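[1] The sequence and its predicted three-dimensional model are supplied below.
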Amino acid sequence: MRRQILAAAVAATTLGGVQLLAASNEAFAARGREAIQRASKIAASGSPVATTPAGETVEFAVNLKLPNLAGARSFALAVSSPRSSDYRHFLKPSQWEARFSPSARSVAAVKAWLNSEGLTVESVSADRMAITASGTAAQVERAFGTRLGEYKFKGRRLRQARTALSVPASIAGIVEGVSGISQVPAHRASTTAGRLETERSSLSHPKRKEPIPPPEAIVEPPPCSQYFGETIDTVDPTLPGYPEDPSYVNCGYVPQQVQGAYGVTSQIEKGIDGSGQTVAILDAYAATTLYEDAHHYSELNEPSAVLEPGDFSEQVSPKFNDEELCEASGWSVEQTLDVETVHAIAPGAKILYVGAKNCVTGLYKALHEIVDNHEASIISNSWAGIELLESERETRAGESILLMADGTGIATEFAAGDEGDDFSVAGFNSPDSPGSSPYTTGVGGTVVKIGPDNENAGEVGWSTSASVLCTTNLAELHYPKCKSSKVGTWLKSSYAYGGGGGTSYRNPEPSYQFEVVPFGLAARNAAVTHTFNRVEPDISMMADPATGLRVGETMAFPESGVHYTEYALGGTSLATPMLSGLLADTNQAVGAELGFINPLLYALDESSYATTAYNDILPAGKQYTVYDGYADGFNEEFGRFVTALTLGYEGTEEYCNYNSECFKQKGILKAAPGFDSMTGIGAPAAGFIPDVKAFVGP
């Protein structure tokens, strides 16, 4: 009741953002226009480095409102909650569209306006929620009454709307928002263990739109451990304040190890391997060797369950764009990890790889297509964006397609990100979106210590600080703060990476979190939002690259050219497809599509099955592993680069802006008994599949 009482008390409160938009509407009213979306947060926080060229092509999507949003939300929770009489009474896509989608008349009105402005309508989603269009920057500025500028953010040059977007009053009531005019590229959530970032030139690839060139090679030499604790570092000095003899990082777990750690081995032996299920993997772009690499990897590492052509299919955009903005080659790493991870956990499941046109509007466009055609029972999404960099209108537009997925029995899983509370990269705390939506599952990360018999010998939250060992060769390379007087000592540690999480500023707390999420976490942003809010992540799985999965991929080497290689990889981009594979197994065991899984996850946590279904993730204490790799990433030319990587770090974070002004805070994500902000409910345990089956019944 405590949540409902506060929510009722503030229901009539008008937030500052709404007041600002209302004030803008008054200014536009005289011209018969209404502001629908404020200037971007990036534009509001700095000055442009340039004006967007008038002739530059701008692709965007106009998102239409659901006429009965409240009804769609209620329906999504009703069919997803095991305690509801409507549980799993899903609609077909056509039925959901007839009941909840915008009307054809609304689509026609927006299309007519776009055409009248000289803009080109590219496509309309089958669900009638999104209209993709394009035009020059000058046409977009005129049509939406805004100004565009170029801004620097996180090392990229991004186009942003410098002023509010407006549309004619005649259609303002049916337009939810506009995405793509302000570029907010989705970031991949895959990570390798600590490597030295050097000033070496990128590999030279021919300039061509397609195919996407292979990514730069990742070379991780020994020493490393085949299982956690196998190979101990007895050479380097002990990290001050930590126990002696730490383990070297993992060489990369293979499928049999992760199957054992999560109790999947016994299920596969019973024939519960995801058979009859299709997992869609959605990323930007597509590597030309994606299937060949995954097939070869399974031959080498899982010969009893080779990924055959009949188990894999692709649905790839015929054209790509924004390759430089999206760092297209890097998405190949993501694709490889996602496909090989799903197959490792659910070797009997079909995999549909969907490659979007870009990492801006393309991902959502592809998501609409998967859901509209019900092409999978589970959609794995290893990409995310910082919630507060989106406009509130964009957040709601993204919610609409998630509601359709929920209502039609499709589970959507989103990576919670690899940058913790986002302070170290953005200067403010924010969860990642879309995982912070109440209508999808946000997947966080853990460190899994797999023992010699493939057992889970311990699991802590994934949050890492890195300390570099100052060596003679690093001093000669002028590595920051490594001077001759410091050789042989560990340099000051700093936050490196970790599973994303936090309390939403946009989304209210969903009912399924009421009795599980601690009061303090749900109310963290109440001074701003005046209510309780959604907390991410919901659940976590293996993510730390120091104990990551070994993957196989075709990569470009500076000396030996392009060829297949294997290396360890992690991130919530590992945790997300791992959960997706586990859910494919669970669907098969239950004998039905479970759909949106969150209400079930939280109900299970409150039940007698909680202790066998989940591993509760507790504070890690003082633990670390050691990465000993090449300083230049390829060979011994510049010597070694030794890094101490802590486990379950809960210390200070630092953010430095482009003016070299630095700010610090104590990280807000913590592990604790029960639900916590670092790992959510915790991690699936060996009893997860049978416990879900027993809980939901036939």
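    The structure has been received and is ready for your questions.

[2] for stretch 111-118, which positions count as buried?
    By 16 or more other C-beta atoms under 10 Å, the buried positions in stretch 111-118 come out as 111, 113, 114. Where you see a C-beta, it was placed from the backbone N, CA and C, and this is true even at glycine.

[3] Please apply the same query to stretch 83-90.
    Under 16+ other C-beta under 10 Å, the buried positions of stretch 83-90 are 87, 88, 90.

[4] give me the low-pLDDT residue ranges for the chain?
    1-31, 194-210 (pLDDT under 70).

[5] how near is residue 421 to residue 500?
    8 Å (C-beta to C-beta, to the nearest Å).

[6] Tell me which of the two has more neighbours.
    residue 500 (35 against 27; other C-beta atoms under 10 Å).

[7] how about the nearest residue to the more buried one, chain neighbours excluded?
    Using C-beta to C-beta, 6 or more residues apart in numbering and skipping the chain neighbours, the partner closest in space to residue 500 is residue 417 (2.9 Å).

[8] Check whether that neighbour really touches residue 498, as I assumed.
    No. The criterion here is C-beta atoms under 8 Å, and residue 417 misses it with residue 498 at 9.2 Å.

[9] who has more neighbours, the two?
    The residue with more neighbours, out of residue 417 and residue 498, is residue 417; 38 against 31, by other C-beta under 10 Å.

[10] how would you label the more buried one: helix, strand or coil?
    Three-state assignment for residue 417 (DSSP: H, G, I helix; E, B strand; the rest coil): coil.

[11] now residue 612
    Under the three-state scheme (three-state DSSP), residue 612 adopts helix.

[12] Surely it touches residue 691?
    Yes. Using C-beta under 8 Å, residue 612 makes contact with residue 691 at a distance of 5.7 Å.

[13] mind listing what residue 139 touches?
    Neighbour list for residue 139: 117, 118, 119 [criterion: C-beta atoms under 8 Å, 6 or more residues apart in numbering].

[14] quick one: contacts for the first one?
    Contact analysis of residue 117 by C-beta under 8 Å, 6+ apart lists 135, 139, 142, 143.

[15] What about the residues you listed, which one has the most neighbours?
    residue 143 (23 neighbours).

[16] Distance check, the nearest residue to that one once chain neighbours are set aside against residue 141.
    In space, residue 143 comes closest to residue 117 once its chain neighbours are excluded; the distance is 3.9 Å by C-beta to C-beta, 6+ apart. Going from residue 117 to residue 141 by C-beta to C-beta gives 10 Å.

[17] Check residue 221 too.
    Residue 221 is 52 Å from residue 141, by C-beta to C-beta.

[18] swap in residue 679?
    Counting by C-beta to C-beta - residue 679 and residue 141 are separated by 45 Å.

[19] Equivalent analysis for residue 302, please.
    Residue 302 is 53 Å from residue 141, by C-beta to C-beta.

[20] More neighbours: those two, which one.
    residue 141 (21 against 18).

[21] hang on, isn't that one packed against residue 148?
    Yes. Between residue 141 and residue 148 there is a contact at 5.9 Å, judged by C-beta under 8 Å.

[22] Centre of the chain to the lengthiest helix in the chain, how far?
    Longest helix in the chain by number of residues (criterion: DSSP state H): helix 572-590. Centroid displacement of helix 572-590 relative to its chain, using C-alpha atoms, centre = their mean, to the nearest Å, is 15 Å.

[23] what's the spacing between the helix or strand just after it and its chain's center?
    Heading C-terminal from helix 572-590, the first helix or strand you meet, by DSSP states H and E, is helix 598-605. Put simply, helix 598-605 sits 21 Å off its chain's centre (C-alpha atoms, centre = their mean).

[24] swap in stretch 691-698?
    Here stretch 691-698 is found 29 Å from its chain centre; the criterion is C-alpha atoms, centre = their mean.

[25] Could you check how far the spatially most central residue of the chain is from residue 534?
    Nearest residue to the geometric centre of the chain (C-alpha atoms, centre = their mean): residue 415, 2.8 Å. Here residue 415 is placed at a distance of 16 Å from residue 534 (C-beta to C-beta).

[26] ok, how many other residues are close to the residue nearest to residue 426 when sequence neighbours are not counted?
    Leaving aside its sequence neighbours, residue 426 sits nearest to residue 386 (C-beta to C-beta, 6+ apart; 5.7 Å). Residues contacting residue 386 under the criterion other C-beta under 10 Å number 22.

[27] which residues does residue 386 bridge with?
    Beta-bridge partners for residue 386, by DSSP bridges, are residue 432.

[28] Which of the helices or strands spans residue 98?
    If you go by DSSP H and E, residue 98 is part of helix 93-100.

[29] now residue 282
    Short version, using DSSP H and E: residue 282 is in strand 278-284.

[30] Next: residue 527.
    Element membership for residue 527, per DSSP H and E: helix 526-529.

[31] Summarise which helices and strands whatever helix or strand comes next after that helix is packed against.
    For helix 526-529, the succeeding helix or strand toward the C-terminus, using DSSP H and E, is strand 533-536. Applying 3 or more C-beta pairs under 8 Å, 6 or more residues apart in numbering; DSSP states H and E, we find strand 533-536 packed against strand 502-508, helix 519-522.

[32] and of the ones you listed, who's closest to residue 357?
    Closest approach to residue 357 among these (C-beta to C-beta): strand 502-508, 26.1 Å.

[33] hmm, who's touching the closest one?
    By C-beta under 8 Å, 6+ apart, strand 502-508 touches 7, 387-388, 390, 392, 395, 421-422, 429-431, 433, 436-438, 521-522, 524-525, 528-529, 531-536, 668-669, 677.

[34] and with 6 Å instead?
    Residues outside strand 502-508 that contact it (C-beta atoms under 6 Å, 6 or more residues apart in numbering): 392, 395, 421, 429, 431, 436, 438, 524-525, 531, 533-535.

[35] Equivalent analysis for stretch 86-99, please.
    With contact meaning C-beta under 6 Å, 6+ apart, stretch 86-99 is reached by 78, 79, 127, 372, 374, 404, 407, 408, 409.

[36] Kindly recompute the last result at 7 Å.
    Contact partners of stretch 86-99, identified using C-beta atoms under 7 Å, 6 or more residues apart in numbering, comprise 78-79, 81, 127-128, 372, 374, 404, 407-409, 592, 595.

[37] As CSV, these with secondary structure would be great.
    What follows is those, written out as CSV (three-state DSSP):
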residue, secondary structure
78, helix
79, helix
81, coil
127, coil
128, coil
372, helix
374, coil
404, helix
407, helix
408, coil
409, coil
592, coil
595, coil
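
[38] with the buried residues of stretch 111-118 in mind, which one is nearest to residue 275?
    residue 111 (43.3 Å).

[39] Skip the chain neighbours and tell me the closest residue to the closest one.
    residue 121 (5.4 Å).

[40] my guess is that neighbour meets residue 110, correct?
    No. Assessed by C-beta atoms under 7 Å, residue 121 is found out of contact with residue 110, at 8.9 Å.

[41] Overlap in contacts, these two.
    In contact with both residue 121 and residue 110: residue 131, using C-beta under 7 Å, 6+ apart.

[42] And the two? Which one has more around it.
    For residue 121 and residue 110, the more surrounded residue by other C-beta under 10 Å is residue 110, and the numbers stand at 22 against 16.

[43] so how far is residue 592 from the residue nearest to residue 426?
    Counting by C-beta to C-beta, the gap from residue 386 to residue 592 is 36 Å.
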